[in-house]
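K.L.:
After the sequence you'll find the predicted model.
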Amino acid sequence: MLPLLTAQQIRQADAHTVITEPISSVNLMERASKAFVGWFINHFQDKDLTIAVYCGTGNNGGDGLAIARMLYDHRYLNIDVKIARFSDNATEDFNTNLDRIKNMGLDLHELKRDGVLPAENASILIDALLGSGLNKPLSGDYEQLAQHINALNKTVVAVDVPTGFLPDGEMAADATVVKADLVITFQQPKLNFLLPESAPHINCWEVVNIGLDEGFVQSLESSYQFVSEKDIKSILKPRKRFSNKGTYGHALIIAGQAKTMGAALLSSAGSAYAGAGLTTACIPESGLTALNTYLPELMAIIRKEGALPDVNWEQFTAIAIGPGLGKDTAALNLLTAVFENYNKPIVVDADALNLLAENTSLWQNVPEGTILTPHMKEFDRLFGKHNNWWQRLQTATKMAAKHHICIVLKNDYTMVATPDGKAYFNSTSNAAMATGGMGDVLTGIITSLLAQKYSPQDACIAGVYLHGKAGDELATPNRMNVVLPGRLAQQLPLTMAKLTA
Ligand SMILES: NC(=O)C1=CN([C@@H]2O[C@H](COP(=O)(O)OP(=O)(O)OC[C@H]3O[C@@H](n4cnc5c(N)ncnc54)[C@H](O)[C@@H]3O)[C@@H](O)[C@H]2O)[C@@H](O)CC1
Ligand SMILES: Nc1ncnc2c1ncn2[C@@H]1O[C@H](COP(=O)(O)OP(=O)(O)O)[C@@H](O)[C@H]1O
Ligand SMILES: [K+]
């Protein structure tokens, strides 16, 4: 796991690396700038590009100066450096880099306080005004310059963090931020890159390693972790020799109504393809033919109108409830019965989440380790209105700890909040997966892993990763157009095989 550090912790890691490596801070700046330039020249190979580097007078600006110098050395000769002298302060490393660049023959311009902003002829702008040192929203000259840059509609590549973007913490919805087509960020993604708040400001980001002390980074306490493929490889267990269907558990999926049988089919398919030994779907009678036709491997328990189905609860190693279930009295009675009769973790999704939101007394019977898989709207119905995702992240970790449950809050970077108050951010999945029924398959996968005796936390973290990874594998050949949930379910065995090879 990669601990996602706050800006303050990154400063600590910078300072620690400077002392223990040892390396001077100006040389660490040199290393960071070199990493930026390495990425930049690989992707912008035309040396005739006209480039303007906008520098502040802090260390982000120091990076900008070093980057301008290095690009010039790489024979990008059309470079114009604009230094925003909006403050009397400048860092030592900024000044050192200014001395280094002064006699190289580059165009250097200073932008003064309350001055007129110059015309811009360059085609690419490098934003090195402010980085992770941001400590208040942009105002005055900085805000005007950011607005000016945005109005130019040029390609903007930001150094570390776009100017005005808060790396972590709650950001004002109307904050002025330099809009970056690309952010080349140092060492690790900043927490707020992973939240939808970043969408209006950042098109994409890339991490470059600047060699901060790994051991020290790992030793820092962080509630937020970024999940990598290596983590999933260590969670997933290969199938064993001499095993049989009993080895891999029996999942029960309570889902579907006449008009929403698809949700039951897709979640059951997710469970079967993710490797549960047996998958039973608890569905209305009208769906039986569809179930048997869609996947004959599935078994059924029939729900008759007005009566609870006769279920031997203990027979199942994991139960999910909710996809396409509806919110009528029968659905509520079923959810109540599941909570009363089953004391192992239950996967609660879709309509079952909405029922839980409307019937708060149900909370008292929610078994420890239970997994809730809400999307944003379901989350807000459960826990109240939130203005932004930073607030949702705080609520998710708090509620997971309070109720001893896991909360899978679905999004581009789906987060799994666990009972110990941590949140794990997923790195797989793509926009081709934004299609109805995708969440149903995820519910099936997580239930399947739970049935196969993975812990609730591992089932969530690995389930979310596998779901997104299968989606990535399918979306790449179709240029990220669309991936249908049923096809994604079929991809799972291959995705899992690659990860356990
Ligand atoms: N050794 C290090 O600490 C390293 C730092 N690096 C760079 O340093 C950056 C951080 O540098 P700094 O901490 O100097 O900070 P910045 O360069 O981001 O900002 C400079 C200063 O501007 C002021 N400021 C903050 N918000 C403002 C606002 N809204 N309006 C006006 N002024 C504002 C603050 O006093 C801040 O210290 C990183 O983003 C990265 O680019 C890299 O060179 C890698 C090594
Ligand atoms: N733009 C996107 N990028 C990444 N993942 C996405 C995107 N859109 C949807 N997904 C994934 O697809 C799933 C959608 O779940 P949900 O909204 O519950 O769908 P449904 O209710 O239609 O089954 C989630 O796992 C989500 O992470
Ligand atoms: K910047």
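P.N.:
All right, it came through fine. Ligands and ions are numbered 1, 2, ... in the order given.
K.L.:
Arg381 against Asp351, yeah?
P.N.:
No: if you go by CB atoms under 8 Å, Arg381 and Asp351 don't touch, sitting 11.0 Å apart. Glycine gets a C-beta too; all of them are placed from N, C-alpha and C.
K.L.:
okay, those two: which has more neighbours?
P.N.:
Remark: of Arg381 and Asp351, Asp351 carries more neighbours, 24 against 15, as counted by other CB atoms under 10 Å.
K.L.:
From Pro367, how far out is the more buried one?
P.N.:
19 Å (CB to CB, to the nearest Å).
K.L.:
what's near enough to touch the residue of the chain most remote from its centre?
P.N.:
Note on the chain: the largest C-alpha distance from the chain mean falls to Asn103, namely 44.2 Å (CA atoms, centre = their mean). Asn103 makes contact with no residue, according to CB atoms under 8 Å, 6 or more residues apart in numbering.
K.L.:
How much space separates it from Tyr72?
P.N.:
Per CB to CB, Asn103 is found 12 Å from Tyr72.
K.L.:
same deal with Gln144?
P.N.:
Distance from Gln144 to Tyr72, by CB to CB: 28 Å.
K.L.:
Quick one: name the residues of the chain near ligand 2.
P.N.:
Neighbours of ligand 2 within the chain, by CB under 6 Å from any ligand atom: 375, 410-412, 414, 429-431, 433-434, 436-440, 442, 467.
K.L.:
Mind giving me the PyMOL select for these, buried ones only?
P.N.:
Only the buried entries of those go into this PyMOL selection, using 16 or more other CB atoms under 10 Å:
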select buried, resi 375+410+411+412+414+429+433+437+438+439+440+442+467
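K.L.:
Among the residues of the chain next to ligand 2, which are located in strands?
P.N.:
Residues of these located in strands (DSSP state E): none.
K.L.:
what's around Ala128, how many residues?
P.N.:
For Ala128, using other CB under 10 Å, the count is 32.
K.L.:
Can you spell out which residues form a bridge with it?
P.N.:
Note on Ala128: beta-bridge partners by DSSP bridges are Cys55.
K.L.:
how about it, what does it touch?
P.N.:
Listed by CB under 8 Å, 6+ apart, the contact partners of Ala128 are 53-56, 60-61, 63-65, 67, 158-159.
K.L.:
ok, so of these, who is nearest Leu492?
P.N.:
Lowest distance from Leu492 to those (CB to CB) belongs to Ala158, with 36.9 Å.
K.L.:
elements contacting the helix or strand where the closest one lies?
P.N.:
Using DSSP states H and E, the element containing Ala158 is strand 155-159. Judged by 3 or more CB pairs under 8 Å, 6 or more residues apart in numbering; DSSP states H and E, the packing partners of strand 155-159 are helix 59-73, strand 124-128, strand 180-186.
K.L.:
For the chain, which residues are neighbours of ligand 1?
P.N.:
Checking the chain against ligand 1 by CB under 6 Å from any ligand atom, the hits are 11, 14, 25, 28-29, 32, 56, 58-61, 63, 91, 130-136, 138, 142, 159-161, 186, 210.
K.L.:
hmm, which of the residues you listed are the buried ones?
P.N.:
If you count burial by 16+ other CB under 10 Å, the buried members of those come out as 14, 25, 28-29, 32, 56, 58-61, 63, 91, 130-134, 138, 142, 159-161, 186, 210.
K.L.:
For ligand 2, what is the nearest residue in the protein?
P.N.:
Closest approach between the chain and ligand 2, counting by CB to the nearest ligand atom: Gly439, at 2.1 Å.
K.L.:
That residue and Met480: what is the separation?
P.N.:
19 Å.
K.L.:
picking up where we left off before, the strand holding Ala158 to strand 180-186, inter-axis angle?
P.N.:
Strand 155-159 runs at 20 degrees relative to strand 180-186, counting by axes from the mean of the first three to the mean of the last three CA atoms, to 10 degrees.
K.L.:
CA atoms only: put strand 155-159 into CSV for me.
P.N.:
Backbone C-alpha positions of strand 155-159 (Å, rounded to 0.1, in the frame of the first residue of the first chain) are rendered in CSV as follows:
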residue,chain,number,x,y,z
THR,A,155,-2.3,23.6,-23.0
VAL,A,156,-1.2,23.8,-19.3
VAL,A,157,1.2,21.4,-17.6
ALA,A,158,1.3,22.0,-13.9
VAL,A,159,4.3,21.3,-11.7
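K.L.:
Need the three-state assignment for the nearest residue to Pro3 once chain neighbours are set aside.
P.N.:
Spatial nearest neighbour of Pro3, chain neighbours left out: Ser222 (3.8 Å); criterion: CB to CB, 6 or more residues apart in numbering. Ser222 falls in the coil class when you classify it by DSSP: H, G, I helix; E, B strand; the rest coil.
K.L.:
For Ser222, which residues are in contact?
P.N.:
By CB under 8 Å, 6+ apart, Ser222 lies in contact with 3-6, 9.
K.L.:
Could you do Glu214 as well?
P.N.:
Neighbouring residues of Glu214 by CB under 8 Å, 6+ apart: there are none.
K.L.:
How confident was the prediction at it?
P.N.:
Model confidence at Glu214, given as pLDDT, is 94.
K.L.:
how far away is it from Arg11?
P.N.:
Look at Glu214 and Arg11: by CB to CB, they are 17 Å apart.
K.L.:
got the phi/psi numbers for the nearest residue to Tyr224 once chain neighbours are set aside?
P.N.:
Leaving aside its chain neighbours, Tyr224 sits nearest to Leu4 (4.0 Å; criterion: CB to CB, 6+ apart). Main-chain dihedrals, Leu4, degrees, to the nearest 10: phi -90, psi 110.
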